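[1] Dropping the sequence and predicted coords here.
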Amino acid sequence: RPLVLEDLCVDEDQPAVVSFLKQFYEAKAASAEIRVKRKGNIRWIHCSVSPVVGQGGEVTHLNMLFSDVTDRKSFQNHSVRINEVLLGLGPDFQENINKLTSLFGELFGATCALYNRLEEGLLCSLGQWQTPPDYNPVDEPEGHICYDVIRENKNEVLLIRDLDKTAYAETDPNVKPYMLKTYIGQPVYCGGEAVGSLCAVFQSDFNPGEDHKNLINLIASAISTEESRNKALKQTKEAEERIQVLMNATPDIICFKDSEGRWMLANDSILKLYCLDHVDYRGLTEFELAEFTADIYKEAFRNCQASDEIAWSAGKLSRSEETIPDIYGVNHVFDVIKVPIFREDGSR
């Protein structure tokens, strides 16, 4: 009897049930999704009714269908949570890895979740969620399931059930002590190479569906993006450090500025000349740096943008001689070269 819905549904969904039953008793097509209490659990049920009309145009009977859509609803909620985490990622690589690992463990309802990475020959848990207090985050890789996931370099989900009955019960130091029953893991790639493994472990049997496999794929891809971004940042920093060494090896004064005249990179010679060697100059214009330099340079700094604009307007290398005094008042003549750099679309 349809009225049983009123007895089983949660209080918040009573209005939806009343509306659905009204359509039911009027023999109209209707549908609703409600939450019902069943054996201590709450399940989402999709209810639909459609009238069947006889030859005389009268309703002869009603077709009713009840479907359990709890999993679909659950994954809809997962989508909201995933978007929330992805939109909340910032510039900190380590923090982002922990957020994504935690999201993975949370959505899978795992006992523990990890992102393990090979670093200098050791298996390191960069991302951790609900790890035990005595968990060892850095270990020799041999024997660990995650090491095999990385080493085999297969872009697919690895599921191992009944862990205690496999060889890993002896080789992986975490299986027996933490009574692990199920492992699910996926390699993480950077530059086409498997560099890490995202995994969740369970102390009970866990048999994931296709939606679970899609989820681990999605989160592993997000970590892969973080790995690529972090690698690019490291390469940029290393290149910048090499440029800085070369720049500091010359007595010439050298400075790179962005399109707005903000200092990006300067060598020791220019910083010492203008008494800025103890100033965090990056991102500041000459007008702003005038507040920090010696008095004899303040006016020149405030007017520097004008000479920059001449170089930008010319669109090519400009050259001039400038007399610049040092802090002791001794004049030095510099051959000043300014080179504007443009993108392919003509922007600075």
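    Thanks, I have the structure now.
[2] show me where this protein has helices.
    Read by DSSP state H, the chain holds these helices, from start to end of the chain: 4-8, 14-25, 70-87, 93-108, 145-152, 168-171, 210-248, 268-273, 286-289, 295-302, 304-314.
[3] now the second one, how far from the centre of its chain.
    What it means is helix 14-25. 43 Å (CA atoms, centre = their mean, to the nearest Å).
[4] Counting by contacts, list what that helix packs against.
    Packed against helix 14-25 by the contact rule (3 or more CB pairs under 8 Å, 6 or more residues apart in numbering; DSSP states H and E) you find helix 4-8, strand 30-38, strand 41-53. Quick note: C-beta positions are derived from backbone N, CA and C, even for glycine.
[5] quick one on the thing from earlier: dump the helices of the chain into a markdown table; add mean neighbour count and mean pLDDT as well.
    Output for the helices of the chain, formatted as a markdown table (neighbours: other CB atoms under 10 Å; pLDDT from 0 to 100):
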| stretch | mean neighbour count | mean pLDDT |
| --- | --- | --- |
| helix 4-8 | 14 | 68 |
| helix 14-25 | 15 | 77 |
| helix 70-87 | 13 | 74 |
| helix 93-108 | 20 | 94 |
| helix 145-152 | 19 | 95 |
| helix 168-171 | 14 | 95 |
| helix 210-248 | 15 | 91 |
| helix 268-273 | 17 | 94 |
| helix 286-289 | 18 | 92 |
| helix 295-302 | 15 | 88 |
| helix 304-314 | 14 | 87 |
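[6] Tabulate these (JSON lines), appending distance to Gly192.
    Putting the helices of the chain into JSON lines (distance: least, CB to CB, whole Å) gives the following:
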{"stretch": "helix 4-8", "distance to Gly192": "53"}
{"stretch": "helix 14-25", "distance to Gly192": "50"}
{"stretch": "helix 70-87", "distance to Gly192": "23"}
{"stretch": "helix 93-108", "distance to Gly192": "20"}
{"stretch": "helix 145-152", "distance to Gly192": "14"}
{"stretch": "helix 168-171", "distance to Gly192": "28"}
{"stretch": "helix 210-248", "distance to Gly192": "10"}
{"stretch": "helix 268-273", "distance to Gly192": "39"}
{"stretch": "helix 286-289", "distance to Gly192": "43"}
{"stretch": "helix 295-302", "distance to Gly192": "48"}
{"stretch": "helix 304-314", "distance to Gly192": "40"}
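[7] Ok, which of those helices comes nearest Val138?
    For Val138, the closest of these is helix 145-152, at 12.7 Å, according to CB to CB.
[8] re the thing from before, pipe the helices and strands packed on helix 14-25 into JSON lines and attach distance to Phe66 per row.
    JSON lines is the format used below for those (distance: least, CB to CB, whole Å):
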{"stretch": "helix 4-8", "distance to Phe66": "9"}
{"stretch": "strand 30-38", "distance to Phe66": "10"}
{"stretch": "strand 41-53", "distance to Phe66": "6"}
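[9] Least reliable of these by average pLDDT, please.
    Among the helices and strands packed on helix 14-25, helix 4-8 carries the lowest mean pLDDT, at a mean of 68.
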